[in-house]
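Peer 1: please work out how this folds:
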Amino acid sequence: FGLRPRIPPHRGASSAERRARSAARAMSAADAAGGPLGLADVLARTIDVAILVGSCVVKVPQVVKIARAQSVLGISEASVLVEWVGYSATCIYALLMGFPFGSW
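Peer 2: Next up, the predicted model:
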């Protein structure tokens, strides 16, 4: 919410990338203006936070089960690796594109 990423220019970007960068700049400019938030803004930020919290909480049952059993037997190493690669790729892409944190 308080993060305002610097959005570097990118030559040779596709039209979709240019539109995404333009939207990110508009969102950063709107945040910087400090004007009153409309219902759509409040709803969007609420959904952003809910998704972020949900994605963090989704692993809690598995962690609790591992802690109680004191064993990781039955957990596929390949699935954990694929999941980690997916999350990492998404984060790296969002950082490189300069997307606001709430849109990741």
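Peer 1: quick check: next helix or strand after the lowest-mean-pLDDT helix or strand in the chain?
Peer 2: Ranked by mean pLDDT, DSSP states H and E, the weakest helix or strand in the chain is helix 15-33, scoring a mean of 66. Per DSSP states H and E, the first helix or strand lying C-terminal to helix 15-33 is helix 39-57.
Peer 1: next one: that following helix to chain centre, how far?
Peer 2: 11 Å (C-alpha atoms, centre = their mean, to the nearest Å).
Peer 1: begin at 448 from here
Peer 2: Taking 448 as the first residue, the last one we looked at is helix 486-504.
Peer 1: same question for that helix, mean pLDDT?
Peer 2: Throughout helix 486-504, pLDDT has a mean value of 86.
Peer 1: stretch 534-544 too?
Peer 2: The average pLDDT for stretch 534-544 rounds to 92.
Peer 1: please name the nearest non-neighbouring residue to residue 544.
Peer 2: residue 467 (6.2 Å; C-beta to C-beta, 6 or more residues apart in numbering). For every residue, glycine as well, the C-beta is placed using N, CA and C.
Peer 1: what's the local residue count around that neighbour?
Peer 2: By other C-beta atoms under 10 Å, 17 other residues sit near residue 467.
Peer 1: alright, I will stop here.
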